[in-house]
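Enquirer: Please find the sequence and the predicted model below.
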Amino acid sequence: MAQTSNIPLDTASVISTVLEGMLYGFSLLMFIGTLWVLFQRNISRAANRRMVTVACSLLLFSTAHVIIDIIRTEEGLVQQRSTFLGGPTAFFSDVSQWSFVYKNLLYTLQTLVGDGVVIYRCYVVWQSWYIIIIPCILWCSVAATGAGCVYSISQATVDKENIFAPGTGPWITSFLVATLCANLLTTSLLAYRIWSIGRRVTNVALATSLMWPILRVILDAGVLYSFSLLAALSCFIAKNHGHYIVLDMIMPIISITFYMVIIRIAITKNLSQASEDHSRSLSNYLARRSRGRISYVDPQQHPMRRMEVHITQLTEHEFDPGKLCSSNDNNPPGMSSPNFVAKFDPVAI
């Protein structure tokens, strides 16, 4: 077996299992927070069911993957350390092992679910099937290359100790490239749509308090996932065993990016709602005070004089962010139509 990296495979297996376990624990906490958001918010039952199903599927795949990783590490370092001629390194380099095949199957399923969610969000924001034609084609290519990866690994007989062999390497490279392209395209479409809507909003505080935080959340999730895929692809092209570590870490990262979008947008909307309620309460208070005479005494500047203020007129403007006004309307322009505002609910984004 040719040594293609300075990282021994047994060392890479231990490091990847530890790092994946840490990220898995973090994703588990975020899963609980996601369920709390989905069940606490007043959303449609169908949308709630879809998002809960996706969240549970991602957690199920991540859980199964980390369990198989633990079993694989224990087998290679303890049970079968003397079975292979090269010791644990030879065991971990054998791509035909059942644990390695099932790990790649779970990774393919996790990727398909994660990429499918991003495409669905893109459709919800754009409300156009034409926009997601190319992302859907890329998603199909991810599914095809992923199936090819799993099949080629399970049927490997020649050079099965080399993951970079011609029988498996091109499939894995194509799978990572297709996934990276699909993620970059859909994230860019999402970000552009939200940015274009926010750009049309002028002199409205809600544009800053809601639109741009949503844009940052979408970009953060896309950048995190894209950099992880780029790191895995770079390591694999360079034939570095570090790609084993990165690929195992991507499993919980896919779940984290999904949960992160829902939780952070829910927090943003709650803060925006609280600010709106405060402004409305202050406006109502001033309206009540304006109905009569307001008098007060300043004991420091005017200790012996009584000052009276008479308010003859108070004009109150209440802005409805769910209303999109035309250019001829006298009201300030809104962000979008009521249907579009609903699309920025955490279950949709």
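Expert: Yep, it's here. Note that this is a predicted model, so its numbers are computed, not measured. Numbering: from 1, shown residues only.
Enquirer: can we go C-alpha only for contacts and neighbour counts from here?
Expert: Will do.
Enquirer: need the strands for the protein, in chain order.
Expert: Here the chain has its strands, by DSSP state E, at 294-296, 307-309.
Enquirer: how many neighbours does residue 181 have?
Expert: Neighbour count for residue 181, taken as other Cα atoms under 10 Å: 17.
Enquirer: in terms of contact, does it touch residue 138 like I think?
Expert: Yes - assessed by Cα atoms under 8 Å, residue 181 is found in contact with residue 138 at 7.5 Å.
Enquirer: Would you confirm that residue 237 contacts residue 173?
Expert: Yes - using Cα under 8 Å, residue 237 is in contact with residue 173, at 7.5 Å.
Enquirer: neighbour count winner among those two?
Expert: Here residue 237 and residue 173 are compared on neighbour count by other Cα under 10 Å; more neighbours surround residue 173, at 18 against 14.
Enquirer: nearest residue to the more buried one other than its sequence neighbours?
Expert: residue 233 (6.9 Å; Cα to Cα, 6 or more residues apart in numbering).
Enquirer: So that neighbour versus residue 123, what's the distance?
Expert: Distance, residue 233 to residue 123, by Cα to Cα, to the nearest Å: 28 Å.
Enquirer: again, but for residue 113
Expert: Taking Cα to Cα, one finds residue 113 at 15 Å from residue 123.
Enquirer: residue ranges with poor pLDDT in the stretch 201-349 of the chain?
Expert: In the predicted model, the stretch 201-349 of the chain carries pLDDT under 70 at residues 201-211, 269-349.
Enquirer: Could you rerun that using 90?
Expert: The model of the stretch 201-349 of the chain has pLDDT under 90 over residues 201-222, 239, 261-349.
Enquirer: who are the neighbours in contact with residue 105?
Expert: 146, 147, 150 (Cα atoms under 8 Å, 6 or more residues apart in numbering).
Enquirer: Distance of the first one relative to residue 156?
Expert: Read that as residue 146. From residue 146 across to residue 156, the span is 15 Å (Cα to Cα).
Enquirer: who has more neighbours, those two?
Expert: Using other Cα under 10 Å as the criterion, residue 146 and residue 156 rank with residue 146 on top: 26 against 19.
Enquirer: you'd agree the more buried one is up against residue 110?
Expert: No - in this structure, residue 146 is not within contact of residue 110 by Cα under 8 Å, at 10.8 Å.
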